[in-house]
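*Asks:* okay, sequence plus prediction incoming.
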Amino acid sequence: MSSITDIVNGKGRFVDDISFPGMVHIAFARSNYSRAKLLYVKGGYTARDFPYFMASAGEGATEEDLSLRAPVLASKFAAYLGEPIAAVTGKNRYEAEDNLDSVEIDYDPLKPILDPVEALNSEPVIPGVKTNIISDRYVGKEFSAGEAEIVLEDRLENRRVATNPLETRGIVAAYDGTKLTVWTPTQSAHSVRDGICESMNLGKESVRVIQTDTGGAFGLKGGVYPEYIVAASLAMKLKVPVKWIETRREHLMASRPGRGVVGNMRIHAMKSGVIKGISGDVIVDAGAYGGASWSSGWIAFQITGPYAIPNAYFHARSVMTNKVEQGPYRGAGRPEASFMMERMIDLLADEIGADPLDIRLLNAAKDKFRSPTGMEIEASAGFMARAFEKMEYRRLARESKPGISCFALIPAVSDGESCRIKVERGRINVWLGGNAHGQRHDLWVAKLLSGKFGVDPSIIELQLGDTDMLKEGVGSWGSRSAIVGANALLKVADKVIAHVKKDKGAYTARALLSGDYDEYEYANEKGMLISFCANLAVADADAAGNVRVSKLKAYYDVGKALVPDVVVSQIKGGAVQGVGQVLSENIEFDQDGQLMAASLSDSGVLNSVQSPDIDVYLEEVPSRFPHGAKGVGESPTIGVPTALVRAIERSAGIRIRKTPVSPEEIVNARSRVK
Amino acid sequence: MKNVKVNIKLNGRKFEREVEPRTLLLDFVREFADLTATHMGCDTSNCGACTVLLDGKPVKSCTVLAVQADDREVRTLEGLGEEPLMKRLKEEFIEKHGLQCGFCTSGMLISSYSLLRKKSDPNEKEIREAISGNICRCTGYHGIVEAVKSVKGETAREKLPESPELVRR
């Protein structure tokens, strides 16, 4: 992995920096329509050359229905705008794009189905299936309204958001006659390998995936994509190295965006503010094909969050539409769940005239609590009281109109993680199954390992993901890396120490560094690790509906902060992504299915002038793991949007039901209220 | 269209190449000179990852043709590496967590450097405005602003050696 010094010196090695003699560049001919029959496809490499289907690998991988697998290249039918149909090559990017002129595609455009609610009952968005509903579950336990004195309903929505790392997707692939080597920026080298192997029916030993320096990911780079299968296949077919680098427009059209969820929620409560139950529909805009079936049930599972709500029952469905498949985006279901809960609590607070904090404290778990969906939390009431005291909610509430939020973060700790430590010639190399793409795993690896081994941290080097150097691995996502990665690291370090003791009689740092050791372990983890978090926001909307965020605060239980200033930096960066989701980030289509966001700016990513700072307070209650850490990466994209939406709502005097909320919508909603 | 000859003084060295007229300065720098600090992030001059100095002024090299830089001076991050001001900026970017993934960093450094050369003690608003053409998706900008704030005074006033005068033909 390039060190931080290399990166600031411009010596990072990102995927587009990799070049080989004779390498060809790939460009893709993509569907110009969101839904169309393909009458013919001529020229370039087509589905005939790559008769493969996409495997499900990486974050959110599912045991999917084979009839719902996406083809690598569309041949008879295009199911979303930007779906790859043919590939061409050229000696550079210019020539490859020129060669797209050699591809002829004849379309018979059909009316696209873009709204997931419409898609519930519409004709199928892809041929060969009976329904658009790819996941249909009831989560929780049915209950009767019974004694509830108040029942409030609302329709809530998070529109789709592009992940938009500054480095887009990309791949370099080379084949030496026996082995395919792939270089790609990724959250999980092993998921890319497994996806390629499964799609192309190759043995794991014949594919090596090497992670390049990774220019941000946010969920985008956790799995495998059609373009990667094409690149891998072309490298094998042409026997020259190939490269594909995604353009931003391709990213906005045809890489997996996150969010895209509608909730019809119903909250059942007493006039005192005690919540008796929450129920409703969760509808996920899964896009075309079956890859995103996972998220609706996952959202429903965690809606009750940090609250002791005795009844919960949700109808959770993932529905196909004529858009690119949905994917995980920082938070991946957690922000959507929290949006449903927090919006309904605020609605209830307004209905009964209660303070939003009082009503949260009233419904917080006073003791361990198991939700009707099976989510087990510790008592949350004490945390909430501490959080809002520290963030000075009561004082701020007297002088302004703060919005607040609370949530329970569920990091993706299940499946554990792998680690390898190799001691050789006085240096220590480390590989982790889930590697860094900006989170500075190198710092906690050096800190924990130098403490454990009693050696200087400068001799410890974290390597990038590489499937030939590490047998198996999971990946960096779901706020998991420091939890499961550090756990695996410490377990392998114990193995090394035991080995040194066996060899030399006793462990000393000198004994360690004078020998050669190479240990590996896949440390599996069962059970969840839930932590509590809270946010506060103050904002004003002016007459034109433009929002100024004047205060943002976060109070998060991060467990033991392994490298505190990195934790704070993660929270600050995530907070701005959360603000972006509320104010502007959106991947919108017109009614014909054409993309409205053609550039990075159109898609709503905030610049430095638009981005507020956030005050961060860390609570450090150690977790059950030996390192004591809990999750952090996704917290700000969960808690900031809900608190900020509430602050805007209070300032503007309107009810906000969806993100993003545009200035026009604020102005229009205000004029309706008046 | 016929190839054209361009002659660019790149980081103090002359680079003469026959290029297609459509060749972007970004690709000239990356492909012909193999200087990969300059990144392509968006193709539409929104993100600023491709920022370089053209005759001392920051430009987005994804929307400048190589022929437009003919007979002019271009500096990339690699060519500013030993500048005392740039060195200080880099140290502070590391110290203040002005980067996470690092993909925007070269462009951010160049925009920050340009600001500090014009104004050695900018306030927060001026810093945020100066880097508003550079998108960072990771840090929320806070660490970047703090890094720029902490580099000021004497170092910032130092002259760029062989400081390029604006060469207009």
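*Replies:* Perfect, I can see it now.

*Asks:* which helix or strand contains the closest residue to chain A within chain B?
*Replies:* With C-beta to the nearest C-beta as the measure, the residue in chain B that lies nearest chain A is residue B:37; the distance is 2.4 Å. (C-beta placed from N, C-alpha, C; glycine too.) Counting by DSSP states H and E, there is no helix or strand that carries residue B:37.

*Asks:* ok, the closest residue to it other than its chain neighbours - contacts?
*Replies:* Counting by C-beta to C-beta, 6 or more residues apart in numbering or on different chains, residue A:10 is the residue found nearest to residue B:37 once chain neighbours are left out, at 2.4 Å. Taking C-beta atoms under 8 Å, 6 or more residues apart in numbering or on different chains, we find residue A:10 in contact with B:35, B:36, B:37, B:38, B:76, B:77, B:78, B:81, B:106.

*Asks:* and the strands in the stretch 451-600 of chain A?
*Replies:* When assigned using DSSP state E, counting those that start in this stretch, the strands of the stretch 451-600 of chain A occupy the ranges A:460-462, A:517-523, A:531-541, A:547-557.

*Asks:* format those as JSON lines; extra columns: mean pLDDT, mean neighbour count and distance to residue B:87.
*Replies:* JSON lines is the format used below for the strands of the stretch 451-600 of chain A (pLDDT from 0 to 100; neighbours: other C-beta atoms under 10 Å in any protein chain shown; distance: least, C-beta to C-beta, whole Å):
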{"stretch": "strand A:460-462", "mean pLDDT": "97", "mean neighbour count": "20", "distance to residue B:87": "24"}
{"stretch": "strand A:517-523", "mean pLDDT": "97", "mean neighbour count": "17", "distance to residue B:87": "38"}
{"stretch": "strand A:531-541", "mean pLDDT": "97", "mean neighbour count": "27", "distance to residue B:87": "38"}
{"stretch": "strand A:547-557", "mean pLDDT": "98", "mean neighbour count": "22", "distance to residue B:87": "33"}
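
*Asks:* now tabulate those in TSV and tack on distance to residue A:634.
*Replies:* Converted to TSV, the strands of the stretch 451-600 of chain A look like this (distance: least, C-beta to C-beta, whole Å):
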stretch	distance to residue A:634
strand A:460-462	22
strand A:517-523	22
strand A:531-541	10
strand A:547-557	11
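
*Asks:* of these, give the one that comes closest to chain B.
*Replies:* strand A:547-557 (9.9 Å).

*Asks:* all helices for chain B, in order.
*Replies:* Across chain B, reading from the start of the chain, the helices by DSSP state H fall at B:25-27, B:84-95, B:105-118, B:124-130, B:142-150, B:154-157.

*Asks:* elements contacting the shortest one?
*Replies:* Yep, that's helix B:25-27 we're talking about. Here helix B:25-27 is seen to pack against no other helix or strand when contacts are counted using 3 or more C-beta pairs under 8 Å, 6 or more residues apart in numbering or on different chains; DSSP states H and E.

*Asks:* could you give the mean pLDDT of it?
*Replies:* Looking at helix B:25-27 alone, the average pLDDT works out to 98.

*Asks:* what about it, distance to the chain center?
*Replies:* 12 Å (C-alpha atoms, centre = their mean, to the nearest Å).

*Asks:* any regions of chain B where pLDDT drops low?
*Replies:* Low-confidence regions of chain B, defined by pLDDT under 70, span residues B:153-169.

*Asks:* and residue A:554, bridged to which residues?
*Replies:* residue A:535, residue A:616 (DSSP bridges).

*Asks:* now list the buried members of the contacts of residue A:10.
*Replies:* With burial judged by 16 or more other C-beta atoms under 10 Å in any protein chain shown, the buried subset of the contacts of residue A:10 is B:35, B:36, B:37, B:38, B:76, B:77, B:78, B:81, B:106.

*Asks:* pLDDT score assigned to the residue nearest to residue B:37?
*Replies:* Among the per-residue scores, residue A:10 holds a pLDDT of 96.

*Asks:* part of a helix, is it?
*Replies:* No. Secondary structure assignment (DSSP: H, G, I helix; E, B strand; the rest coil) places residue A:10 in coil, not in a helix.

*Asks:* what distance do you get for it to residue A:50?
*Replies:* 36 Å (C-beta to C-beta, to the nearest Å).

*Asks:* pLDDT value on the closest residue to residue A:99 other than its chain neighbours, please?
*Replies:* For residue A:99, ignoring the flanking residues on the chain, the nearest one in space by C-beta to C-beta, 6+ apart is residue A:88 at 4.0 Å. At residue A:88, the model reports a pLDDT of 98.

*Asks:* mind checking how far residue A:88 is from chain B?
*Replies:* 18 Å (C-beta to the nearest C-beta, to the nearest Å).

*Asks:* report how many residues lie close to residue A:599.
*Replies:* 16 (other C-beta atoms under 10 Å in any protein chain shown).

*Asks:* cool, residue A:263 as well?
*Replies:* Under the neighbour criterion other C-beta under 10 Å, residue A:263 is assigned a count of 28.

*Asks:* same question for residue A:510.
*Replies:* 12.

*Asks:* contacts only, for it.
*Replies:* Applying C-beta under 8 Å, 6+ apart, no residues qualify as near residue A:510.

*Asks:* and the residue nearest to residue A:99, what is it in contact with?
*Replies:* When contacts are counted by C-beta under 8 Å, 6+ apart, residue A:88 touches A:26, A:27, A:29, A:43, A:44, A:45, A:96, A:99, A:100, A:102, A:103.

*Asks:* same thing with residue A:617?
*Replies:* The neighbours of residue A:617, taking C-beta under 8 Å, 6+ apart as the test, are A:387, A:390, A:391, A:553, A:554, A:555, A:556.

*Asks:* reformat these as TSV; add distance to residue A:254.
*Replies:* Shown next, in TSV, are the contacts of residue A:617 (distance: C-beta to C-beta, whole Å):
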residue	distance to residue A:254
A:387	41
A:390	44
A:391	41
A:553	38
A:554	34
A:555	39
A:556	34
